[in-house]
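[1] Just to be clear, the model below is a prediction. Sequence and coordinates:
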Amino acid sequence: MRYVVLGASAAGVNGVRQLRKRCPEAEIVLVSKDQEIYSRCILHHLIGNLRTREQLCFAEADFAKRYRVDWRKGVACTGVDTGKKEAALSDGTALSYDKLLIATGSHTFLPPVKGLREAKGVYGFRDMEETEAIMEAAKDAKHIVIMGGGLTGLDAATGFLHMGRSVELVELADRLLVKQLDERAASVYQKALEAKGVKLHLGCALEEVRCGDDGRVVSLALSDGGQIPCDLLVVTAGVRSNVEFLEGSGLELDSYGLVIDPQGRTNVADVYGAGDVTGRSPIWPAAVKQGMVAADNMAGIETGMEDFFASKSTMNFLDIPTMSLGLPEKPDDTYEEIVEDTGDQYRKVIHKGGTIYGAILQGDLAYGGVLTQLIARKIDVSRVKKPLFSIDYSDFFHTGDNFEFYYEVT
């Protein structure tokens with residue numbers, strides 16, 4: 001049995017590990033355009049000089065040897081023939097497979113803003129190559145601007161702060177981290193960033209990138225009529241799944257990326273997907289989980305993602321710990337909110353019919369463990385008799401006939 005894995009980031013690497021665990025004697029081939037394994041989630045640590053390049057690696061030093069994987073480094077997949085069960089590689093070779101895991105991730109997409117795609121001094125922030133280019137450009141930059149106030153945008157902002165550089169940030173939404181946080185939680189980060197000298201332009205769109213005679217960006221025109229100087233622009237607002245090479249393969253693609261089911265299966269037998277290539281798991285833990293689930297099913301062990309919130313995010317910008325799970329705000333009045341706000345600590349749970357659909361914890365994440373138990377055990381929180389935020393682990397210390405702990409609603 002030959003398993004071929006495309007991509008050496010969170011989903012691909014953990015897929016390899018799980019495949020080797022499940023299939024000790026199988027042949028495993030890993031194909032990656034990267035020469036090394038590194039965490040894209042902490043690239044800002046490289047900018048801020050908090051970690052070295054080597055310290056970004058999340059795999060074992062002897063990864064290839066330990067998992068007995070044939071790692072084809074610096075090679076990209078240029079096409080997949082699902083009929084022949086072959087992957088075409090950029091080195092001109094064709095690699096046959098029995099089962100294929102596509103974990104090729106995503107890339108920066110430059111939105112159709114006037115002048116953006118032509119300007120010099122504009123960078124994405126998705127891989128090592130882009131990050132090193134940003135670090136080199138930042139040495140002489142006087143006006144650094146970040147486009148996008150999501151997780152990657154704040155990563156970039158805090159990285160520059162650790163460099164001792166001032167920065168401005170432009171975000172189309174009226175607050176930061178609009179996909180993860182509500183207005184209350186986002187405002188904490190906004191105030192903290194502003195206190196550090198970050199100038200925020202919220203509720204503003206980038207309308208034009210203006211360049212000098214040499215083609216380099218010199219200023220940005222905003223939708224509110226303002227103009228700000230800029231000689232280094234980092235774009236974090238646009239991301240696209242790496243699926244271009246799958247066109248014509250017969251694999252189902254949609255506006256997000258590669259379409260998979262909860263077991264990681266695609267519409268073609270023996271082809272699986274995981275991670276950012278699907279466009280549905282924008283965070284590290286979800287990509288890891290998807291890679292492992294896909295590997296299990298490739299090995300014939302039926303598992304799924306049904307018990308996992310793919311929209312779970314944990315962050316700690318400027319030493320403010322925060323966890324976001326599912327919906328940051330209730331969609332309508334049929335949902336209920338339970339809120340506790342002491343100023344230093346903010347906690348909110350969104351539920352409907354007793355099922356938790358979202359939660360935010362900020363300041364103290366200790367309740368996250370209990371929250372995970374409530375979700376994993378599918379406990380109807382509308383039937384919990386004590387105040388929700390007063391539940392602790394002792395409430396789960398009941399044992400059934402099979403000696404498993406459970407929460408008992410009286």
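    Everything's here; your move. In this text, all values refer to a predicted model and were calculated from it rather than measured experimentally.

[2] how many neighbours does Leu220 have?
    Residues lying near Leu220 (other Cβ atoms under 10 Å) number 27. C-beta here means a position set from N, CA and C on the backbone, and glycine is covered the same way.

[3] partners of the host helix or strand of it, with directions?
    Leu220 belongs to strand 217-222 when assigned by DSSP states H and E. Taking DSSP bridges as the criterion, strand 217-222 forms sheet pairs with strand 206-211 (antiparallel), strand 227-229 (antiparallel).

[4] what's in contact with the helix or strand following the shortest one?
    Meaning strand 227-229. Sequence-wise, the next helix or strand downstream of strand 227-229 (DSSP H and E) is strand 232-235. Residues from elsewhere that reach strand 232-235 (Cβ atoms under 8 Å, 6 or more residues apart in numbering): 108, 110-111, 116, 119, 121-125, 134, 137-138, 141, 143-148, 156, 209, 217, 220.

[5] Could you pick out the buried ones from those residues?
    108, 110, 116, 119, 121-125, 134, 137-138, 141, 143-148, 156, 209, 217, 220 (16 or more other Cβ atoms under 10 Å).

[6] Now go through the residues you listed and say which are in helices.
    Assigned to helices by DSSP state H, the following of these qualify: 134, 137-138, 156.

[7] Out of the residues you listed, which two sit at the greatest distance?
    Ala137 and Ala156 (12.6 Å; Cβ to Cβ).

[8] element containing Ala186, please.
    Ala186 belongs to helix 183-195, assigned by DSSP H and E.

[9] pLDDT score for Met135?
    Looking at Met135, its pLDDT reads 95.

[10] In contact with it: list those residues for me.
    Met135 sits next to 46-47 when contact means Cβ under 8 Å, 6+ apart.

[11] For Ser9, see how far away it is.
    The gap separating Met135 from Ser9 is 20 Å, by Cβ to Cβ, to the nearest Å.

[12] Pull the number of nearby residues for Lys179.
    12.

[13] Verify the contact between it and Thr152 for me.
    No. Judged on Cβ atoms under 8 Å, Lys179 makes no contact with Thr152 at a distance of 11.4 Å.

[14] Would you verify that Val349 is located in a strand?
    Yes. Per DSSP: H, G, I helix; E, B strand; the rest coil, Val349 lies within a strand segment.

[15] Distance across stretch 25-35, terminal residue to terminal residue?
    26 Å (Cα to Cα, to the nearest Å).

[16] before we move on, what about stretch 19-39?
    20 Å.

[17] and what of stretch 205-224?
    First residue to last in stretch 205-224 (Cα to Cα) measures 8 Å.

[18] mind checking which helix or strand of this protein has the lowest mean pLDDT?
    The weakest-scoring helix or strand in the chain, judged by mean pLDDT, DSSP states H and E, is strand 405-406 (a mean of 54).

[19] quick one, what contacts the nearest residue to Ser106 once chain neighbours are set aside?
    Distances taken as Cβ to Cβ, 6 or more residues apart in numbering put Asp276 closest to Ser106, at 4.0 Å, once the chain neighbours are dropped. With contact taken as Cβ under 8 Å, 6+ apart, Asp276 is in contact with 9, 11, 105-106, 239, 241-242, 257, 282, 287.
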